[in-house]
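> okay, predicted coordinates and the sequence, questions at the end:
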Amino acid sequence: MAKGQGFGFGLGKMKELTEAFKKAQQVQEGAKRLQEELDQLEVEGVAGGGLVKFYLSGNQEPRRVEISPDVLGEGADVVASLVAEAAIDAYQKSTATMRERMEELTGGLNLPGL
């Protein structure tokens with residue numbers, strides 16, 4: 001081994017590695033904060049022109065359902081269909097919000113799978 005070469009891992013590479021660890025730590029801390037924020041967030045899904053509302057957290061945890069008395073006379077099948085439609089709407093909005101927030105958190109890091 002030539003003098004001064006070490007293991008081929010020069011100071012420039014050490015600096016890059018240190019920066020990569022710092023970025024990873026920042027992303028980890030940001031992800032923890034994001035999880036907490038998403039848990040507090042409430043996303044509303046609607047169906048039937050607002051007759052049925054379905055609420056999820058930003059982490060897709062069901063919170064509550066609101067059904068207008070105006071729709072109750074339409075029968076169980078109609079109410080069930082509107083609840084499902086509102087749930088799907090809330091889920092799509094919630095996942096879109098989560099995706100956007102994760103992109104903000106990891107922007108520019110070129111992380112695979114994100």
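Nice, I can see it.
> in stretch 33-44, what's buried?
Residues of stretch 33-44 classed as buried: 34, 38, 43-44 (neighbour count, 16 or more other CB atoms under 10 Å). C-beta coordinates here come from the backbone N, C-alpha and C atoms, glycine included.
> quick one: average pLDDT of that stretch?
Per-residue pLDDT values across stretch 33-44 average out to 87.
> how far out from the middle of the chain is it?
8 Å (CA atoms, centre = their mean, to the nearest Å).
> next, the residue nearest in space to the middle of the chain: phi, psi?
Nearest to the geometric centre of the chain sits residue 98, at 2.1 Å (CA atoms, centre = their mean). Taking degrees, to the nearest 10, you get phi -60, psi -40 for the backbone angles of residue 98.
> what about residue 18, how many residues nearby?
For residue 18, the count of nearby residues is 10 (other CB atoms under 10 Å).
> now do residue 88
Residues within reach of residue 88, counting by other CB under 10 Å, total 13.
> from what I see, it and residue 45 are in contact.
Yes: if you go by CB atoms under 8 Å, residue 88 and residue 45 touch, sitting 6.9 Å apart.
> which residues touch the residue nearest to the centre of the chain?
Residue 98 makes contacts with 38, 58-60, as judged by CB atoms under 8 Å, 6 or more residues apart in numbering.
> neighbour-wise, which of these leads?
Counting neighbours by other CB under 10 Å, residue 58 comes out on top of the contacts of residue 98 with 21 neighbours.
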